[in-house]
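Chemist: 3D, please:
(2 chains, ligands or ions: 5)
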Amino acid sequence: MAEMPENLPQPVRGFGTTFFTMFRKASTEQYPDEKVPTQPRFHGRHQLNRHPDGLEKCVGCELCAWACPADAIFVEGADNEAGERHSPGERYGAVYQINYLRCILCGLCIEACPTRALTMTNEYELADHTRESLIYTKEDLLAPLQGGMAMPPHSMVDGMSERDYYSGKVTSATPEQFAEVEARELAEEKAAEAKTDATIEAEKVASDIAKDEEQDLGGAA
Amino acid sequence: MSTVAPVAGSSAPPADAVTCTIDGVQIQVPKGTLIIRAAELIGIEVPRFCDHPLLDPVAACRACLVEIEGMPKPQPACAIPVAEDMVVKTQVTSEVADTAQRGVMEFLLINHPLDCPVCDKGGECPLQNQAMTHGNGSSRFDGTKRTFAKPVAVSSQILLDRERCVSCARCTRFADEIAGDPLIELFERGAKQQVATGPDAPFDSYFSGNTVQICPVGALTSSDYRFRARPFDLVSTPTACEHCASGCAIRTDSRNSTVMRRLAAEDPEVNEDWNCDKGRFAFKYLSEDRIKTPLIRDPETQEFYSASWPEALDLVADKLADYRGRTGVITGGRLTRDDAYAYAKFARVALGGDDIDFRVRASSQEEVEFLSNKVAGTGLGVTYSDIESSPMVLLAGLEPEDEAASIFLRLRKGVLAGSTKVASVSSWVSPGSAKLQAVVLAAAPGDEAMVIDALLKQSSALSEAGFEVSTQLRNKGAVILVGERLAASPGALSAVAALAEETGAKLAWVPRRAGDRGALDAGALAGLLPGGRSLTDQTARAEIAQAWGINESDLPAEPGLDLAGILEALTTEQEVSDETESAVESADVEASEEQEVADEALAEDSAKAAVDQIAEEVQLGDDEPQEPRIDALVLGGVDIRDVPNIELMREALREASFVVNLETRLSGISAYADVVLPVAVDIERIGAYANWEGRLRQFPKVNPEATAQTDGRVLAMIADEMGYPIGTGDVVEYHNELDSLGYTTGERVSFNSVKPGSAQTPGSGEAVLASWKFLLDLGMLQTGDDYLAGTRRPSVARLSPATAQSIGVTEGDLVKVSSDQGTIELPLLLTDMPDGVVWVPQNSPGSEVYATLGDAIGSTVRIAGGPKAVSDAASADAEVSA
Ligand code: SF4
Ligand code: SF4
Ligand code: SF4
Ligand code: SF4
Ligand code: FES
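Modeler: Ligands and ions are numbered 1, 2, ... in the order given. This is a model prediction of the structure:
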């Protein structure tokens, strides 16, 4: 833009700026009709990554929460119980929440994460009507399953240690892992079906028992 | 540069001071001070792992190397005491020391997994911290690290990650030197060196949690806390332990108002750096199954419904006003001192009676007098430091390891240092007594008075060791610690009092529960007003009446009933009231018929009125209108299983016309209550306990969001409603009131000595029952803590070999111990104890004495062999004690 002469009075210089601007090319973005892709390294919504066999990378160490200057992250770790494995190794992130009302998308959490579990996507459309919906939970943040991945919980690849997962020796879920997941899902389905019939009966019995017990408890007065 | 720094806290140098120079600063310290401590005094922190101020130095980790002039190589600062004119250079001024320290750190990290992200210690780890301050940025080691399978459970509540261990031997030294349970040891050598337990002998020590706290790395972690939080999530609050009368300082760590873990806080006067596993791991009760709203029993359905506070308070105040002067108050051990005071004041002012007792356990009139005369309102008496260096500590009816764990630790410290000797009047040599190297004066239950009397008279019945004990008791500084269990043995408290008088030994009473000493000082006992005042003493009455803003004549004139009296009053007046009751019942029927017709709300009122009217008529109709002595009960914090005669208690609860229960969770008492009022647990309030020394242990509120009311506040609300106000119910108000009342200056309750009793003589196939509670048992405050429960001592029955032979059983066999009420069956463990005595734990799995056998402790019970059984528990225990 052309430099305004220094010696003009202040008000004139001010109006001058407005005037000259009218002739500049407008840079209006037609969002949301036209969505311009961000730069590839743009800091958008977070993602919790998976190992190539589908197990979660997050170990629930809370280092991301520690690093966060906005106190936007809440994590609770837990033990990988036998038959309920979510990550290689002993520990996984059982509860994981990011509050996007607080997050300033600075990316410090990404740098803190020791397992590369936490990275950022380019997604920037983070607006909603309620506070609750802007607290993203683990389900919202977990990366979708890619080809070759089986849905945890399932066991680790046979013969591989936790270390092997990090040195890239695991490349995809094995047939055994898929079989395990399938068997589990089948069993769950069956249990759900069985439940619908049995529930009504069982619940009735349970409430009867509860009543009896209460009577025992209160039998005195 | 040469500055002289004086010894901390003293102006003149003590006679045995030595002067040395550390980093150019001259300093005078007492002889024997370690270099590492001397350096601390001038603000220099030498790195360390194995060093711990309360453990013997071992110089195992070499992290603390410093340069000492005249020595060829760097030396460990944690193991070398300063000598006169010694010149020490630490990492601050010496290149050599700094290089040595960095070298050691690099060496320690060679095999360290550095799995900080999944390690519970991460964020509060001395290795992390010191690797940053005294280590190199990178390692020259690029080989493969040593790995071990992880984690190993050394007990149900302690997990070990061997690869993180830096072999500092803090845990093993603690187990050996402090707890006296050398169940973990360092095995192997070099890179393979690791902490381990013996085969089949887990680290089941009552104090194992302390090792987690002092391990300078994350090698030892707690099963309960594993992966649950990070140090930076936690809000730490200094609190006091509510689990026993030791009064340990605790650090409560909470996350989002939920308690995540508890640690021992440092208090040199009380628990030093330690606490027991109950105080550390038992806290699930704080949050699980809590009652949230007042519960009122529907008279129709007999079931509880949730009610609003106004409704509940109205009802309770109404009823209690009806039964004013005829209401018994029974309180349990969870009460803080201020709450106990509230109950004491409530009983006298609002209920207009003196029928109150805090002793829900075996008790006696002798005990009432003993406590009122010798203990109540005496302030700080015998202290921990007294018992640490006392020529003789006599334990009577007290097993410190089970009943007051911090006393045990302090005694053991004194015993190991050679400054204390311990003797115990007990039925057998418990593991605790063995660890205290105590002279055990064997006494069958009931014989305690005789044994104590023998000590007094130095009678010929005494063994040589016993005679020695009685002589040492006469030395200055000797202490007699009396447990609450001694009350059950007639004459024993009188004998103890006489012994103390005769020998000049100091006397202290050690209750099991945290609240008991405070309850005593607050006057929650019949005949005893706050501050050790006697109800019948004129000065005391005047003082109390003035402080409470009532007329002296409003105070009950005569001492009221204690627990036994209240139960008796309720259960023996049955006949008198039966008539009334049946009349009331028929009125009930009439009333309910009426109710069907009338509008519901109205009908209830008229029904009530009808009942009242008819009841009244019946009463008036009687020739001699006889009011029952006790008609209603107010109970707070009472575990029904603590009442020796549970059946009698149940009957009393059934007989009582109205029962109010102030509780945190539904209990065995609530089942009989007409109204249950929810009250706050410790983390939801402020408060204070008085520990066995008489020391006040205050604690702040941990959970800022909690809105639950204290017992004291609830009582104040009821009292207001009744029209006999006792104050605002604020904890601080109670506290200040009690403090400004001070201790009695008048006449104390008199103590009438009781003749020594003696043990019952068992016939054949019989034995006298002895028992006490293990530290970890089925107590109300330990429910839900499953990892903790895993380290309970196994339930066994103990008999002397001769007694066992007489009923034809050998070690490991099942023994049946039976009374008229029931039978306890436990595996036998042969024990060196008096013949004709059987011991079982009082409240452990498979051995709930009061519930199964009734009020049988100290009485004869039948013993017989059961079917042969191989019990793992018994054999494991036998191995340990062998
Ligand atoms: S991007 Fe920054 S503000 Fe957002 S969660 Fe991560 S560390 Fe916190
Ligand atoms: S995302 Fe990364 S830093 Fe955060 S808890 Fe999981 S592993 Fe730790
Ligand atoms: S012990 Fe300390 S340094 Fe070692 S893994 Fe745990 S936190 Fe990290
Ligand atoms: S386990 Fe911990 S306390 Fe025990 S020797 Fe190893 S590092 Fe030291
Ligand atoms: S602290 Fe001195 S050798 Fe370990």
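
Chemist: Now do the same for B:Leu127: helix, strand or coil?
Modeler: helix (DSSP: H, G, I helix; E, B strand; the rest coil).

Chemist: Hmm, it is touching B:Val217, no?
Modeler: Yes - counting by Cβ atoms under 8 Å, B:Leu127 touches B:Val217, with 4.7 Å between them. In this view, the C-beta of every residue, glycine as well, is placed from N, C-alpha and C.

Chemist: Could you report the pLDDT at the residue in the stretch 701-850 of chain B positioned nearest to chain A?
Modeler: Residue nearest to chain A within the stretch 701-850 of chain B (Cβ to the nearest Cβ): B:Tyr787, separated by 12.5 Å. If you check B:Tyr787, the pLDDT there is 94.

Chemist: One more: A:Ala26?
Modeler: We have a pLDDT of 85 for A:Ala26.

Chemist: Likewise for B:Gln128?
Modeler: 95.

Chemist: burial count for it?
Modeler: 18 (other Cβ atoms under 10 Å in any protein chain shown).

Chemist: before we move on, back to that, with neighbour numbers in mind, choose between B:Leu127 and B:Val217.
Modeler: When B:Leu127 and B:Val217 are compared for neighbours, B:Leu127 comes out ahead with 28 against 20, by other Cβ under 10 Å.

Chemist: Can I take it that B:Thr420 is in a strand?
Modeler: No - counting by three-state DSSP, B:Thr420 is not found in a strand; it is coil.

Chemist: Run through the residues that contact the closest residue to it other than its chain neighbours.
Modeler: Closest residue in space to B:Thr420, ignoring its immediate chain neighbours: B:Gly414 at 3.0 Å, by Cβ to Cβ, 6 or more residues apart in numbering or on different chains. Listed by Cβ atoms under 8 Å, 6 or more residues apart in numbering or on different chains, the contact partners of B:Gly414 are B:Ile387, B:Glu388, B:Ser389, B:Ser390, B:Val393, B:Thr420.

Chemist: do the same with A:Gln146
Modeler: Residues near A:Gln146 by Cβ under 8 Å, 6+ apart: A:Arg50.

Chemist: Check B:Val270 too.
Modeler: B:Val270 neighbours (Cβ under 8 Å, 6+ apart): B:Ser246, B:Gly247, B:Cys248, B:Ala249, B:Tyr384, B:Ser406, B:Asn691, B:Glu693, B:Arg695, B:Arg697.

Chemist: could those residues go into a markdown table alongside distance to ligand 4, neighbour count and secondary structure?
Modeler: Below are the contacts of B:Val270 laid out as a markdown table (distance: Cβ to the nearest ligand atom, whole Å; neighbours: other Cβ atoms under 10 Å in any protein chain shown; DSSP: H, G, I helix; E, B strand; the rest coil):
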| residue | distance to ligand 4 | neighbour count | secondary structure |
| --- | --- | --- | --- |
| B:Ser246 | 24 | 28 | coil |
| B:Gly247 | 27 | 28 | coil |
| B:Cys248 | 21 | 28 | coil |
| B:Ala249 | 22 | 24 | strand |
| B:Tyr384 | 25 | 25 | helix |
| B:Ser406 | 21 | 28 | helix |
| B:Asn691 | 29 | 29 | coil |
| B:Glu693 | 31 | 25 | coil |
| B:Arg695 | 31 | 18 | coil |
| B:Arg697 | 29 | 26 | strand |
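
Chemist: number of nearby residues for residue 153?
Modeler: Unless you meant another one, I'm taking chain A. The burial count for A:Pro153: 19, using other Cβ under 10 Å.

Chemist: Actually, chain B is the one I wanted.
Modeler: 15.

Chemist: Check B:Thr791 too.
Modeler: Neighbours of B:Thr791 using other Cβ under 10 Å come to 21.

Chemist: I'd like the distance between it and B:Asp777.
Modeler: 12 Å (Cβ to Cβ, to the nearest Å).

Chemist: about what we covered before: quick check: of the contacts of B:Val270, which lies closest to ligand 1?
Modeler: For these, the residue nearest ligand 1 by Cβ to the nearest ligand atom is B:Ala249; the value is 36.5 Å.

Chemist: Of all residues in the stretch 501-650 of chain B, which one is closest to ligand 2?
Modeler: B:Ala514 (38.7 Å).

Chemist: Verify the stated contact: that residue with B:Gly247.
Modeler: Yes - the pair B:Ala514 / B:Gly247 is scored as a contact, 7.1 Å apart, by Cβ under 8 Å.

Chemist: Please enumerate the shared neighbours of these two.
Modeler: Contact criterion Cβ under 8 Å, 6+ apart; residues shared by B:Ala514 and B:Gly247: B:Ala240, B:Cys241, B:Tyr689, B:Asn691.

Chemist: Look at the third one and give its secondary structure.
Modeler: B:Tyr689 carries the three-state label strand when classified by three-state DSSP.

Chemist: With that, I have no additional questions.
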